[in-house]
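Q: kindly generate the corresponding structure for this input.
(one chain, ligands or ions: 2)
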Amino acid sequence: MRFNPRRIKVGLELTSKCNLRCGMCPLPVLRRPYEDMEWPLVEKAEREIHGLGLKLKWLHEMGEPLLYSRIDDAIRLFPEASLSTNGLVLTEEVGAKLLASPLKRIRICVDSINPEVYPQLRTGGDFEKLVDLTRKFLVQAKGHPLRIEIQKMRSRLTLDETVDDFKRVFDLKQYRNARVIEKTCEALDVNEETDLHGKFYGCVQGAFFTWVVVFADGRVTHCCYDAHGDQVMGDLKTESLREIIEGDRLVQMQAAFEARDFAQLPRCGECFKHGGESHAFNDVLTRVQNLPGVAKDVVRKVIDVRYR
Ligand SMILES: C[S@@+](CC[C@H](N)C(=O)[O-])C[C@H]1O[C@@H](n2cnc3c(N)ncnc32)[C@H](O)[C@@H]1O
Ligand code: SF4
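A: Residues are numbered from 1 along each chain as shown. Ligands and ions are numbered 1, 2, ... in the order given. Next up, the predicted model:
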């Protein structure tokens, strides 16, 4: 399959192990082992991803990347990548490792500043500890070029929390390298509407092949919502990334997607469970997904009326 490297986002799951079992996340019921990626595979992934002219976007799929013992070495291999963390192992020692690395952006997923709501999202997380570690990390990283994003999760449970509330809790006016970002929760596992997320109406990615996600065991999927690996394109342990992308499996899956044949595509079937099969509707989503970063965020926010 011909592909445009600038259109493809890449994720590398350094570990599928996690210290939390969050309410909105497929990790607690993951149908794959909890394991670390072997270091030689990380090195192979670097050669393959960069060799195809691709850039790594995230150092995770499922799992907590700061649990990976060679996280700083991985960042050195992928200096363009960002890191998203639940923040609960972001100690001074880990912070020092990150600040000595070429990491450019870290996202700390606080999600809610309501101590009653936080554990419903971040099951197993200690709210006071997270606030304390985050405040200390902000001090430690003050004046550093690292961009720090404090994530706020939009859901029915967090309707009364504002970006300004988050700024106040972390006293962000002191830290020019830190800001609050808002994210919506997506139905990744159970596709019914819940207090945490709305339904999907078709392919939220806008197109079938938008991602290359390498799981900790080396298997490669085409969509970052395919947490369990239901639609794997190939295996980086035994194939090159070019062979995987140019292989028959992806062509077959793409044809099944165009025909809306979800018997062959269980993950896509979940996204289309509530409708959205129309190609015209999907074209609109594709156009939104292809807007540049900030514009996409604004448009998605306007059309996202699920939590109002
Ligand atoms: C799966 S986590 C892995 C990295 C790390 N453990 C963390 O929590 O940031 C990566 C991102 O996925 C987000 N996430 C988890 N479940 C989600 C869902 N159902 N919808 C949208 N984002 C979700 C988290 O908020 C986090 O920003
Ligand atoms: S959202 Fe992150 S921290 Fe929470 S269970 Fe999923 S992988 Fe772990």
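
Q: and ligand 2, is stretch 108-120 touching that?
A: No. Residues of stretch 108-120 contacting ligand 2 under Cβ under 6 Å from any ligand atom: none, with a closest distance of 6.7 Å. All C-beta spots, glycine's among them, are computed from the backbone N, C-alpha and C.

Q: ranges for the helices of the stretch 51-200 of the chain?
A: 71-77, 92-99, 118-121, 127-140, 163-169 (DSSP state H, counting those that start in this stretch).

Q: return the member of those helices having the minimum mean pLDDT.
A: Ranked by mean pLDDT, the helices of the stretch 51-200 of the chain bottom out at helix 118-121, with a mean of 94.

Q: ok, residues contacting that one?
A: 22-24, 110-112, 125, 127, 130, 153, 155, 157-158, 196 (Cβ atoms under 8 Å, 6 or more residues apart in numbering).

Q: near ligand 1, anything from that helix?
A: No. Using Cβ under 6 Å from any ligand atom, helix 118-121 stays clear of ligand 1, with a minimum separation of 8.3 Å.

Q: convert the C-alpha atoms of that helix to PDB, please.
A: Output of helix 118-121 as PDB, limited to C-alpha atoms (Å, rounded to 0.1, in the frame of the first residue of the first chain):
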ATOM      1  CA  TYR A 118     -10.400  11.500  40.400                       C
ATOM      2  CA  PRO A 119     -10.400   7.900  41.700                       C
ATOM      3  CA  GLN A 120     -13.400   7.100  39.500                       C
ATOM      4  CA  LEU A 121     -11.400   8.000  36.400                       C
END
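
Q: find the closest residue to ligand 2 in the stretch 51-200 of the chain.
A: Residue of the stretch 51-200 of the chain nearest ligand 2, by Cβ to the nearest ligand atom: Asn86 (3.7 Å).

Q: tell me how far that residue lies from Arg107.
A: With distances taken as Cβ to Cβ, to the nearest Å, Asn86 is found 10 Å from Arg107.
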